[in-house]
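Enquirer: Quick one, what's the 3D model for this:
(chains A, B, C and D)
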Number of protein chains: 2
Amino acid sequence: MAKKTRVSIAVVRRLPRYHRYLEELLKKGVKRISSKELSEIMNITASQIRQDLNVYGGFGQQGYGYNTEELYKKLSEIIGIGKTYNMIIIGAGNMGQALANYPNFEKYGFKIIGIFDRNPKMFGLKIRDVEIMDVDKIGEFVRHNRVDIAIICVPSENAQKVADKVVEMGIKAIWNFAPTDIDVPDDVVVENVHLSDSLLSICYRMNEDDLFKKLGKK
Amino acid sequence: MAKKTRVSIAVVRRLPRYHRYLEELLKKGVKRISSKELSEIMNITASQIRQDLNVYGGFGQQGYGYNTEELYKKLSEIIGIGKTYNMIIIGAGNMGQALANYPNFEKYGFKIIGIFDRNPKMFGLKIRDVEIMDVDKIGEFVRHNRVDIAIICVPSENAQKVADKVVEMGIKAIWNFAPTDIDVPDDVVVENVHLSDSLLSICYRMNEDDLFKKLGKK
DNA sequence: TAGATTGTTAATCGATTAACAATC
DNA sequence: TAGATTGTTAATCGATTAACAATC
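Expert: Residues are numbered from 1 along each chain as shown, chains lettered A, B, ... in the order given. Below you'll find the predicted structure:
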């Protein structure tokens, strides 16, 4: 079972969203913001915002609200933004290549330092200066380079095998784009991006009204 | 505010996962499965499985469990798999191209019938037989073709504008890959794939222990 | 100081889990 | 029939919201 968060996952998932909104406010030159104002922008309750933040400390001031810049910095600190994180991509198919090309991540200190694939035709090709290497060389690579996060973009059949390998190499976080669940020890962070599940949830929601009409008729 | 589900979103998000596991079991030739067995494979409680399924009907049989194939079909029906869904991609950057190339979606009846971009250099290029068109021609395209889902892959600055446009054209579902939230009327389904948020949550979880050590010392 | 807004406790709401009678 | 397992009600747990004293 993958690593559990101490703070409820619901709160954790809101942190990047707070961070995103604070960044926006900062860009707009907003110097202070109350939980009430922020709650209206974000479509959540002010109470929830205050509860969430107070898990980590009292960052506000009575009668004033929150200093935008200070809160932004605090959130960055809480999330762990600021350090550099080295990532490798395993599987240089569509998704792997797209992620390798995605510039947004570097902004927060996430750096792709290696890409691996099974297909010999790809060996030596470069994506944004990072070479595609033989997947069998992952072990060697990880021994010589600090790797914080492994991004799995291989077909679902191979996902568990790849996960086992990177866990064995001591990597403590996996971003899993394979459309399957993977098993890891409980000190390893796993974040799934199940695009098919996501799309199927749209599908369901488009059909839900009809579905209940049908169910109701029974 | 985007469309809300009648059934709690927690349940809805589990439906594709059930579907996925049932498909696996079916492939393996498993003819029947009890909620207990399934719960062990999926790492959730048997109670939850029974509760979830019973929202939509009693698909099992006392003393026996569930017929794998029947339950799989029921889940497909509930989710709405089986029909064809036409999708367009707006923004032919990395993510847009990757999604256009992704073969997995067609399996469930999701078809990409148009790709749009702002960059004239891309007009006329094809991805898997689908032409990249001028983003200003979306309106015309949607008038002549049934479009069920719009996939937004433009930079965040343009996301809301694009969303407004596709909503105006009558599209009722948006799959949003732009790293920002979008506002839509409450009959439109929005599913966000915020990759940066997802990555930042990994970041947080890798650092949480250290964070609490620091907080504890205060 | 008076007004505003936090931090925090208490109340509510909803989701998950447990229990068990019904029944195949 | 006896055993197994569902469907469903009740109990528990956890997350969200409300309320308000503290305080800037």
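
Enquirer: Contact residues of chain A facing DNA strand C?
Expert: Counting by CB under 7 Å from any atom of the strand, the residues of chain A close to DNA strand C are A:34-36, A:46-47, A:50-51, A:53-54, A:58-66. The way it works is simple: take the backbone N, C-alpha and C, and place the C-beta from them, glycine included.

Enquirer: quick one, helices of chain A?
Expert: Under the criterion DSSP state H, helices of chain A are mapped to A:9-27, A:35-42, A:46-54, A:68-79, A:94-101, A:138-144, A:156-168, A:195-217.

Enquirer: and among those helices, the most buried is which?
Expert: Of all the helices of chain A, helix A:94-101 carries the top mean neighbour count, a mean of 22, counting by mean count of other CB atoms under 10 Å in any protein chain shown.

Enquirer: got the angle for that one vs helix B:94-101?
Expert: 170 degrees (axes from the mean of the first three to the mean of the last three CA atoms, to 10 degrees).

Enquirer: Domain ranges for chain A, per the record?
Expert: A:9-79, A:85-196 (automatic domain parsing).

Enquirer: got the ones you listed as a markdown table, with mean pLDDT and distance to DNA strand D columns?
Expert: Putting those into a markdown table (pLDDT from 0 to 100; distance: least, CB to the nearest atom of the strand, whole Å) gives the following:
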| stretch | mean pLDDT | distance to DNA strand D |
| --- | --- | --- |
| domain A:9-79 | 98 | 2 |
| domain A:85-196 | 97 | 17 |
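
Enquirer: could you dump these to JSON lines with distance to B:Val193?
Expert: JSON lines is the format used below for those (distance: least, CB to CB, whole Å):
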{"stretch": "domain A:9-79", "distance to B:Val193": "13"}
{"stretch": "domain A:85-196", "distance to B:Val193": "7"}
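
Enquirer: how close does A:Ile149 get to A:Glu191?
Expert: To A:Glu191, A:Ile149 is 9 Å away according to CB to CB, to the nearest Å.

Enquirer: Those two: which has the busier surroundings?
Expert: Shown here are A:Ile149 and A:Glu191; by other CB atoms under 10 Å in any protein chain shown, A:Ile149 has more neighbours (24 against 19).

Enquirer: what's that one in contact with, if anything?
Expert: In this structure, A:Ile149 makes contact with A:Tyr85, A:Asn86, A:Met87, A:Ile88, A:Phe110, A:Ile171, A:Ala173, A:Ile174, A:Trp175, B:Ile202, B:Met206, judged by CB atoms under 8 Å, 6 or more residues apart in numbering or on different chains.

Enquirer: ditto for A:Lys3
Expert: Residues near A:Lys3 by CB under 8 Å, 6+ apart: A:Asp186, A:Asp187, A:Val188, A:Val189, A:Val190, B:Arg205.

Enquirer: per-residue pLDDT, it?
Expert: On pLDDT, A:Lys3 comes in at 97.

Enquirer: What's the local residue count around the residue lying closest to it once chain neighbours are set aside?
Expert: In space, A:Lys3 comes closest to A:Val189 once its chain neighbours are excluded; the distance is 4.9 Å by CB to CB, 6 or more residues apart in numbering or on different chains. The tally of other residues near A:Val189 (other CB under 10 Å) stands at 23.

Enquirer: Go ahead and flag the most central residue of chain A.
Expert: For chain A, A:Glu191 is the residue whose C-alpha lies nearest the centre (CA atoms, centre = their mean; 6.5 Å).

Enquirer: what sits against the closest residue to that one other than its chain neighbours?
Expert: Once flanking residues are discounted, A:Glu191 sits nearest to B:Ile202: 4.8 Å by CB to CB, 6+ apart. Counting by CB under 8 Å, 6+ apart, B:Ile202 makes contact with A:Ile149, A:Ala173, A:Trp175, A:Val189, A:Glu191.

Enquirer: Return the set of buried residues in stretch A:115-134.
Expert: Residues of stretch A:115-134 classed as buried under the neighbour-count rule (16 or more other CB atoms under 10 Å in any protein chain shown) are A:Ile115, A:Phe116, A:Asp117, A:Met122, A:Phe123, A:Ile127, A:Val130, A:Ile132, A:Met133, A:Asp134.
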